[in-house]
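# Predicted model and sequence follow; I will ask about them next.
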Amino acid sequence: MQQNKKDDADLDVFFEAARATPYVPPVPLVDRILNDAASQNAPFWHKIWSELGGWPVTVGLATACSIGIVIGLTSPMLVSDIYMSEADIWASDNLLLDVSVFMDEG
Amino acid sequence: MSYDAMIQAADETLLALYAKGNPMAAQILTTRLSPMVFGYASRVLGQQDLAEDITQEAMLRLWKIAPKWRVGEAKISTWLYQVTANLCTDQLRKTRPMSLDVISDVKDTQPPVTAGLQNAARSSALQAALMNLPDRQRQAIILRHIEELSNPEIGNIMNISVEAVESLTARGKRALSVMLADQKDALSYATE
């Protein structure tokens, strides 16, 4: 019993020291906690928007839409200039055939 | 409510204000409660980075529950200790067995020297000894003798009976006495 009381008194010195040296949360941790608090209290639509990716996704989506509209409004000729039509392909095949005929005949 | 009145207000009042969109209430609650959560998690886990993650998660759960919090049902601090204790237990299960690197890091995660070298050294020695206790004994000892909670409150937090709390703290203290026996005199160099 006496020994237990002495042990308790000895340990109390350590417990008092621990209470006297409290842990202080680092500033970045406090910032993260407050950011969480702000985002949890945001309006419903804002929470959905944040969950979907927030600003980076919004900017990406807006850019993709703009490019789509520009392509849609530009003349279709632009596309036909890049790719050969079916008729052009047939024509090129016939031209190759004609050249081989000339080569066979020497 | 003015800032001065909010500083004096109870945790529950501030949580209700936060749920209504008051950012100042969140700031005061963070200042009041995060050191408690962070200190407890740091002492139980012995690793500051893990304690930071646990603190953020526990506080996030508080923000989430704010609109549904029923006034008068539980103390917010007790509820937070309970959440933190559960998160720490999950974390300890994941990281077991503790590596030798973690044990050697225990002293590096000690609080800064704010109350004199002697206190810091004793606190450091206690933390190293605490890390050698079984998890449940460590949690009970920290809640009882550092956070200074009552046995019924600890029972509530750890989901055990008061008798079980008494048993855990008694066994923990016996083990700590043996581990710290040599160090008491060695660490009495400053003011005594």
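The structure has been received and is ready for your questions.

# Pick out the residue nearest the middle of chain B.
residue B:40 (1.4 Å; CA atoms, centre = their mean).

# any idea which element residue A:24 lies in?
Using DSSP states H and E, residue A:24 falls within no helix or strand.

# Please verify my assumption that it contacts residue B:36.
No. Contact criterion CB atoms under 8 Å: residue A:24 and residue B:36 do not qualify, at 11.5 Å. The C-beta positions use only the backbone N, C-alpha and C, and glycine is treated the same way.

# Identify all contacting residues around stretch B:152-166.
Outside stretch B:152-166, the residues within contact range by CB atoms under 8 Å, 6 or more residues apart in numbering or on different chains are B:78, B:81-82, B:85, B:136, B:139-140, B:143-144, B:149, B:151, B:168.

# so which of the residues you listed comes closest to chain A?
Closest approach to chain A among the contacts of stretch B:152-166 (CB to the nearest CB): residue B:144, at 9.1 Å.

# domains of chain B?
Following automatic domain parsing, one finds the domains of chain B at B:8-109, B:116-192.

# gap between the last one and the chain center?
By that I understand domain B:116-192. 12 Å (CA atoms, centre = their mean, to the nearest Å).

# Who wins on neighbours among the contacts of stretch B:152-166?
Neighbours here mean other CB atoms under 10 Å in any protein chain shown. Within the contacts of stretch B:152-166, the largest count is held by residue B:140, at 30 neighbours.

# Please tell me how far it sits from residue A:35.
Separation of residue B:140 from residue A:35 (CB to CB, to the nearest Å) stands at 34 Å.

# for residue B:159, same thing?
Distance, residue B:159 to residue A:35, by CB to CB: 31 Å.

# Check residue B:13 too.
Counting by CB to CB - residue B:13 and residue A:35 are separated by 23 Å.

# So for these two, which sits in the more crowded spot?
Higher neighbour count among residue B:13 and residue A:35: residue B:13, with 15 against 11, using other CB under 10 Å.

# How much space separates that one from chain A?
Distance from residue B:13 to chain A, counting by CB to the nearest CB, to the nearest Å: 16 Å.

# Could you pull up phi and psi at that residue?
phi -60, psi -40 (degrees, to the nearest 10).

# Going along the chain, name the helices of chain A.
For chain A, the helices defined by DSSP state H cover A:2-20, A:27-40, A:44-51, A:54-73, A:77-82, A:86-105.

# any chance of the domains of chain B in TSV, plus mean pLDDT?
Below are those laid out as TSV (pLDDT from 0 to 100):
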stretch	mean pLDDT
domain B:8-109	87
domain B:116-192	89
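
# so which of these gets nearest residue A:19?
Taking CB to CB, domain B:116-192 is the member of these nearest to residue A:19, at 5.9 Å.

# can you count the residues close to residue B:16?
Count around residue B:16 with other CB under 10 Å applied: 17.

# Please list the outside residues in contact with stretch B:56-70.
A:29, A:32-33, A:36-37, A:40-41, B:12, B:15-16, B:18-19, B:26, B:29-30, B:33-34, B:37, B:41, B:76, B:79-80, B:83-84, B:87.

# Is the helix or strand harbouring residue B:118 positioned near chain A?
Following DSSP H and E, one finds residue B:118 within helix B:117-130. Yes. Using CB under 8 Å from any CB of the partner chain, helix B:117-130 comes into contact with chain A via B:118-123, B:125-127.
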